[in-house]
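Enquirer: Return atomic coordinates for the entry below.
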Amino acid sequence: MPLDAVCLGAVREELSARVSGMKIDKVQQPERDVIILTLRGIGGACKLLVSGGSGDARVHLTEHQFENPSSPPMFCMLLRKHLVGARIISITQPPSERVLEFRLMAPDALGDLSEKRLILELIGRFSNIILTGEDGIIIDCLRRIGGELSDKRNVLPGLIYRLPTAQGGKLDPLMATTEDWQGAYNRQAEKTADSWLLAAFTALSPLICREISWRAYRETDFSLSRAIDGGEALRREFFALMDAAKSGEFEPWLITDADGVPKDFSYTRIMQYEGTQSTEREKNFSALLDNYYTRKSQLERVRLRASATAKTVKTVRDRIVRKLAIQQEELIKSEKRDALRECGDIITANMHLMKKGEDELIAEDFYSENGGVRKIRLDPKKTPQQNAARYYKEYTKAKTASKLLVEQISIGENELKYLESVIAEIELAEGERDLQDIRDELMQTGYLKMPKQGKLKRTESAPMQFESSSGMKIFAGRNNVQNDRLTLKVASKSDVWLHTQKVHGTHVIISCAGTMPDETTLYEAAVIAAYYSSARTGGKVPVDYALVKHVKKPQGGRPGMVIYTDYKTIVATVDEGLVAGLRVES
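Expert: Okay, here's the model as predicted:
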């Protein structure tokens, strides 16, 4: 559901209790429409996420990590100038509007305090983040709207800020009386209960309208023409929900499908799905929105950015698959080369009976265990000696080709395994940094063009870090190059190395300091290896583990490819929650 005005009211109450009085320590803009405010106060530090995106406009506290661009956008720099050091005085919301206003006291260049207002308009495709002074004049905004030739509400620096135009003719559900309800109900046409609620009242989402209809008549699309009670049940459920909202009785509920994928959320428990979808109560609204939006949007952004790189790699992979198929076919043909030599021998043995101009030789087949004759095609333009020489030459050529084909197929298969591992890396990438590391790897291995300057100058990223329940350090590579560095250069020979069995995945290292890890640490490291592998969507995953000293790089092996001996296997169950709980931000 969109973040409707009632749900936004619940978020405002929660944020007011948590962040009022806190100071803004940092301002970041990791994405075009996303602002992160790092806040500090008596209760510690936290991060406030504000999104002005058309499909994910929201505001909440977040625990996710975001990567900053190489240079901050202009709007971010302006917010830093005006808001760093500012204290949050209050958070207000106009009645039944999807707008929040943060009132701030901020120091100016001379250190004097002045009031600033950060206004969040969370209204779908017209969402915006606006900074004004105490006088209401717009200093700047995330999205500038309007101009002399525009018929839209102008939102531009230097203009006085005005609220968005209210939806004409709709009632405020939190202020509506019984008389308001009855008057609107009497005017309704032949509509379903949910569509009438959506048309008659502002601040209600389609999900909530369907829920009220279901609670009243056990149907989400109940036709009001069938309401023999004159809409009494609908009225009762409507006012019960609105009275609870006015009393602050909000509950953060997340709705997921059968696979656990977030599908919707609400400020009241949703019962209309009757078991087809699951509902889970979150600890607060920030956790609800963080789980629903942030991870979902991060994965979507990574997916879109990874598509071009993945397409390039898959194109090369498909070309190698076709080439291997042709080579395999040629190898099968070359394995029949002995028949060519035999034909040459039979022609040589019968040369005294042959004449030039013949196109076929029918002679005794002394290579056949059962005797018989063999028909051999001849080139009538060649002498018997030349025909025999031609068969011997084709035999020698096929013999040489067989040796080369075996070598080329081996090289192609190794290259195919490497490209499959890169595709797995792309699918597991968590952010732009991971994707750039993968692109750098592809440049180094020749699959992507180097930049014009001819060499890469990026700083090497650090591997992922974890800490087991017993306090042991665990590391996991983000890509093939980092896997090599972690396993072959950074890890001690007495450390423990883990990798999923027979599927592509990260290298995991348990830093043991010469001691064998306990069973809990070993299992947790195996879960990490399973989660960061192409078997992530599976249930139970076999993971091999061995001492680092038993892991070697094969000669000519591509990045990330190793061979290992003296290993054991542990079966781990993929557990995203466990992995997230063990991870340590580096």
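Enquirer: Using the three-state scheme, assign residue 229.
Expert: Assigned with DSSP: H, G, I helix; E, B strand; the rest coil, residue 229 falls in the coil class.
Enquirer: Give me the phi and psi for it.
Expert: Main-chain dihedrals, residue 229, degrees, to the nearest 10: phi -90, psi 10.
Enquirer: Residue 319 too?
Expert: Per degrees, to the nearest 10, the backbone of residue 319 is at phi -70, psi -40.
Enquirer: tell me the contacts of it?
Expert: Contact partners of residue 319, counting by C-beta atoms under 8 Å, 6 or more residues apart in numbering, are absent. Every residue, glycine included, has its C-beta placed from N, CA and C.
Enquirer: repeat that with 10 Å
Expert: residue 419 (C-beta atoms under 10 Å, 6 or more residues apart in numbering).
Enquirer: what does the one 5 residues further on give?
Expert: Taking C-beta under 10 Å, 6+ apart as the definition of contact, the neighbours of residue 324 are 408-409, 411-413, 415-416.
Enquirer: I'd assumed residue 528 was in contact with residue 473.
Expert: No - taking contacts as C-beta atoms under 10 Å, residue 473 lies outside contact range of residue 528: 12.0 Å.
Enquirer: Common neighbours of those two, please.
Expert: In contact with both residue 473 and residue 528: 466, 510, using C-beta under 10 Å, 6+ apart.
Enquirer: For residue 123, grab the count of nearby residues.
Expert: Applying other C-beta atoms under 10 Å, we find 18 residues neighbouring residue 123.
Enquirer: List the buried residues for stretch 311-328?
Expert: Buried positions in stretch 311-328, judged by neighbour count with 16 or more other C-beta atoms under 10 Å: 313, 316-317, 320, 324, 327.
Enquirer: How far away from the center of its chain is that stretch?
Expert: Offset of stretch 311-328 from its chain centre (C-alpha atoms, centre = their mean, to the nearest Å): 26 Å.
Enquirer: Give me the pLDDT value at residue 444.
Expert: What the model reports for residue 444 is a pLDDT of 78.
Enquirer: Going along the chain, name the strands of the stretch 401-550 of the chain.
Expert: Using DSSP state E, counting those that start in this stretch, the strands of the stretch 401-550 of the chain run over residues 464-467, 473-476, 496-500, 508-511, 540-547.
Enquirer: would you turn those strands into CSV with mean pLDDT?
Expert: Shown next, in CSV, are the strands of the stretch 401-550 of the chain (pLDDT from 0 to 100):
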stretch, mean pLDDT
strand 464-467, 93
strand 473-476, 94
strand 496-500, 95
strand 508-511, 94
strand 540-547, 94
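Enquirer: Throw these into a markdown table and include mean neighbour count and distance to residue 157, thanks.
Expert: Converted to a markdown table, those look like this (neighbours: other C-beta atoms under 10 Å; distance: least, C-beta to C-beta, whole Å):
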| stretch | mean neighbour count | distance to residue 157 |
| --- | --- | --- |
| strand 464-467 | 19 | 42 |
| strand 473-476 | 22 | 47 |
| strand 496-500 | 24 | 54 |
| strand 508-511 | 24 | 51 |
| strand 540-547 | 18 | 55 |
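Enquirer: Looking at the ones you listed, which is nearest to residue 225?
Expert: With C-beta to C-beta, the closest approach to residue 225 among the strands of the stretch 401-550 of the chain belongs to strand 540-547: 54.2 Å.
Enquirer: Residues contacting the helix or strand following that closest one, please?
Expert: Sequence-wise, the next helix or strand downstream of strand 540-547 (DSSP states H and E) is strand 551-552. Outside strand 551-552, the residues that touch it by C-beta under 10 Å, 6+ apart are 487-488, 491, 493, 495, 497, 499, 507, 509, 562-567.
Enquirer: do stretch 280-287 as well
Expert: By C-beta under 10 Å, 6+ apart, stretch 280-287 touches 3, 7-8, 10-15, 18, 46-49, 58-63, 250-256, 260, 262, 265, 267, 269, 288-292.
Enquirer: Buried members of these into ChimeraX, please.
Expert: Here is the ChimeraX command that selects the buried residues among the contacts of stretch 280-287 (16+ other C-beta under 10 Å):
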select :3,7,8,10,11,12,14,15,18,46,47,48,49,58,59,60,61,62,250,252,253,254,255,256,262,265,267,288,289,290,291,292
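Enquirer: Of the contacts of stretch 280-287, which belong to strands?
Expert: 46-49, 58-62, 253-256, 262, 265 (DSSP state E).
Enquirer: what's the closest of those residues to residue 434?
Expert: Nearest to residue 434 among the ones in strands among the contacts of stretch 280-287, with distances taken as C-beta to C-beta, is residue 62, at 19.5 Å.
Enquirer: Quick check: bridge partners of that closest one?
Expert: With DSSP bridges as the criterion, residue 62 is bridged to residue 47.
Enquirer: Same question for residue 572.
Expert: Applying DSSP bridges, one finds that residue 572 bridges with residue 541.
Enquirer: Do you know the pLDDT at it?
Expert: In this model, residue 572 is scored at 93, pLDDT.
Enquirer: what's around it, how many residues?
Expert: Using other C-beta under 10 Å: residue 572 sits among 24 other residues.
Enquirer: got the contact list for it?
Expert: 498, 500, 522-531, 535, 539-543, 578.
Enquirer: any idea how far it lies from residue 310?
Expert: Here residue 572 is placed at a distance of 27 Å from residue 310 (C-beta to C-beta, to the nearest Å).
Enquirer: got it, and residue 522?
Expert: 33 Å.
Enquirer: With residue 23 instead?
Expert: 43 Å.
Enquirer: closest one to residue 202 among the strands of the stretch 401-550 of the chain?
Expert: strand 464-467 (46.1 Å).
Enquirer: so what does the closest one touch, helix or strand wise?
Expert: Applying 3 or more C-beta pairs under 10 Å, 6 or more residues apart in numbering; DSSP states H and E, we find strand 464-467 packed against strand 473-476, strand 508-511, helix 519-531, helix 576-582, strand 583-584.
Enquirer: Which stretch among the ones you listed is buried most, on average?
Expert: Comparing the helices and strands packed on strand 464-467 by mean neighbour count (mean count of other C-beta atoms under 10 Å), strand 508-511 ranks first with a mean of 24.
Enquirer: That one - contacts with which helices or strands?
Expert: Using 3+ C-beta pairs under 10 Å, 6+ apart: strand 508-511 touches strand 464-467, strand 473-476, strand 496-500, helix 519-531, strand 540-547.
Enquirer: give me that answer again for 8 Å
Expert: Under the contact criterion of 3 or more C-beta pairs under 8 Å, 6 or more residues apart in numbering; DSSP states H and E, strand 508-511 touches strand 473-476, strand 496-500, helix 519-531.
Enquirer: which neighbours does that strand have in its sheet, and in what orientation?
Expert: Strand 508-511 has its sheet partners listed here by DSSP bridges as strand 473-476 (antiparallel), strand 496-500 (antiparallel).
Enquirer: Arrange the ones you listed in TSV, one row each, with distance to residue 95 as further columns.
Expert: Shown next, in TSV, are the strands paired with strand 508-511 (distance: least, C-beta to C-beta, whole Å):
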stretch	distance to residue 95
strand 473-476	50
strand 496-500	55
